[in-house]
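Q: Return a 3D structure for these sequence lines:
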Amino acid sequence: MFACALQGCAEYGARPVSPAQGGRAWIEASSPRFRVVSDLPVAEAEAIARELEQGLEAIDQVAFDHVRTRLEPTTVVVFSSASDFHAFMPTSVEGRFYRRLPGELEPSPLLVLYGSLDDSSRVACLHELTHELFDRNFGPAPPWLSEGWAQYFSTIQIEPQRIRVGAALPHLTFTLDSVPVTAKADDGSIVLAMPVGKVAPPSALLGMDRGTFYSSVLAQDLAQQEAAREEAALRSDSLYLGAWALVHLLHAGPAPYPKRFQAFLEGARHAPLAAAWQSAFAGLSAADFDHDFRVYLAKRELTVLEFKRHATSLPVVVSKRAMSDAEVRLYWARLSSGLSAEIDAVRDLDAAVAQAPGSPEAHYFRGLHWLYRRKSSAAERDLLEAARLAPSDPRYLFGVLKLRIAQLPPGERARLGDPVMQAVEPLAPVARTATELRTLAMIYDDLGQYERALEFAQRALALAAIDSACLDTKAGILSHLGKNQEALEAQRAAVAFLPEDAAAPAIVEHLRLLEAAAR
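A: The predicted structure is shown next:
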């Protein structure tokens, strides 16, 4: 989790000057799974791509024996200047991770930060990437497991022949004293030593919902008085440290914890996490769990596990190129949020299109901007132009399809020959993401072409095996085909993999109807 700075200064910094107007030059450094765009020196941007690539590869190797779904390529926007970064992010934020930027049609992981990677920001980046890997491979999880897992693997250490897992978190440690202690580390940073007795124990963490777990973080951000802010910060540190330490115990602690935890992870390949946990940890009392946890922490000798690095690990190849002014402005427009940034975003989008009228990307993002704001005519102009310029690119074709769907009168079905189907026909042969494939499945299902719909739904699930929306779509199609038992199984999985705080009454109601029909 990116840390927050709580100093009181202006909420946003001054917007940077674009390269064409005399601002710093930007470059793109791309590795297999990362695209780093930055105004840092080329060598530094390249180093960030290489470090993140190696870190993600190592986490992939040691954290997930059986990967259900791999992480999509991640864009990392790195400003060299904190002031430039804070033109787009509040001063309370030191970095931010997006699964999908507001107004964009498909998930596209994006990290935003500033400066070269140091120990703290590297851990923060790997923490967020581990969250993504975890969510895509295990589905919704209790907050202690999601955060503890991300914390545990974020400090991964990579050496030429080995990988080390379980190193201490930066700026946090434990003490046997009765009150928290802060001290300066060798590098001048502040380290918090949390009393073992004040670290949240398993009995508190295991039953804690997301609202309770994260409420201390929210309280810390909103608190007006310093004493209340410090109290909330200590509560938050207690929970995050407890989650990390609990995952540490389960991975590397004394018997029977690692064996039970491995049984849990194996069970989670075939069942929702709650059922897998209950099966693996049946018979273990809460009192014993808490006692063993405290003893483990009191030793202050947390085990670091070592793994042989795969022989297939090759030097990371990073390609580099200069970015145009139009490309830089597109990123700035996409990162702009709130009414105060609307004028700047439109100015950047218009400038990008003016500078690169033959760029489908510039037209596409300006079209999305207007589609998000329900200005259909403006959106149509640009989305159709993007598709004309790149007629085989599924992203642009999908943009046209979403436009045509948005233009339908409420409740109107898609029909062969109407604008929706005219947008479907070029997309169907080239669609490649779960979102695109699921949308096509829903349209063909609505048309009564159930076999065709099922084909697209299955392809979507091959890319997003535990996505509740994809499972729900497949269940509906199976039901229409008369495959009621298969439909029921798919719908039960759709509900089981819903995030804890998801508002998805239609998916839950669909399960109720299928179960009622099966009686």
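Q: mind listing what's buried in stretch 191-198?
A: 191-196, 198 (16 or more other Cβ atoms under 10 Å). Yep, even glycine has a C-beta here, placed from its N, CA and C like the rest.
Q: Check the offset of that stretch from the chain's centre.
A: Relative to the centre of its chain, stretch 191-198 is centred 29 Å away, using Cα atoms, centre = their mean, to the nearest Å.
Q: So for whichever helix in the chain runs longest, what gets flagged as buried?
A: Identified as the longest helix of the chain according to DSSP state H is helix 226-252. By neighbour count on 16+ other Cβ under 10 Å, the buried set for helix 226-252 is 229, 232-252.
Q: Heading C-terminal from it, find the next helix or strand.
A: Toward the C-terminus, helix 226-252 is succeeded by helix 257-267 as the next helix or strand (DSSP states H and E).
Q: pLDDT of whatever helix or strand comes next after that next one, averaged?
A: Following helix 257-267 in sequence order, the next helix or strand is helix 273-280 (DSSP H and E). On average, the pLDDT along helix 273-280 is 90.
Q: C-alpha coordinates for helix 273-280, CSV please?
A: Extracted in CSV, the C-alpha atoms of helix 273-280 (Å, rounded to 0.1, in the frame of the first residue of the first chain):
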residue,chain,number,x,y,z
LEU,A,273,-11.4,-19.6,0.3
ALA,A,274,-13.7,-19.7,3.2
ALA,A,275,-14.5,-23.4,2.7
ALA,A,276,-10.8,-24.2,2.0
TRP,A,277,-9.8,-22.5,5.3
GLN,A,278,-12.4,-24.3,7.4
SER,A,279,-11.3,-27.6,6.0
ALA,A,280,-7.5,-27.0,6.5
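Q: and that helix, how far from the chain's centre?
A: That offset, for helix 273-280, works out to 24 Å (Cα atoms, centre = their mean).
Q: Next, the angle from it to helix 257-267.
A: Angle, helix 273-280 to helix 257-267, by axes from the mean of the first three to the mean of the last three Cα atoms, to 10 degrees: 130 degrees.
Q: so after helix 273-280, what's the next helix or strand?
A: helix 286-298.
Q: what's the next helix or strand after that next one packed up against?
A: Next along the chain after helix 286-298, taking DSSP H and E as the criterion, comes strand 305-308. Judged by 3 or more Cβ pairs under 8 Å, 6 or more residues apart in numbering; DSSP states H and E, strand 305-308 is in contact with helix 42-63, strand 162-165.
Q: change it to 7 Å
A: For strand 305-308, the packing partners by 3 or more Cβ pairs under 7 Å, 6 or more residues apart in numbering; DSSP states H and E come out as strand 162-165.
Q: Need the residues that contact the strand it packs on.
A: 58, 61-62, 153, 156-157, 304-309 (Cβ atoms under 7 Å, 6 or more residues apart in numbering).
Q: Buried ones from the residues you listed, can you make that a ChimeraX selection?
A: Selecting only the buried entries of the contacts of strand 162-165 in ChimeraX, with 16+ other Cβ under 10 Å as the criterion:
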select :58,61,62,153,156,309
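Q: Quick check: the farthest pair among the contacts of strand 162-165?
A: Phe153 and Lys308 (17.0 Å; Cβ to Cβ).
Q: out of the contacts of strand 162-165, who's nearest Glu486?
A: Gln61 (34.8 Å).
Q: OK, contacts around Glu380?
A: Glu380 neighbours (Cβ under 7 Å, 6+ apart): Leu403.
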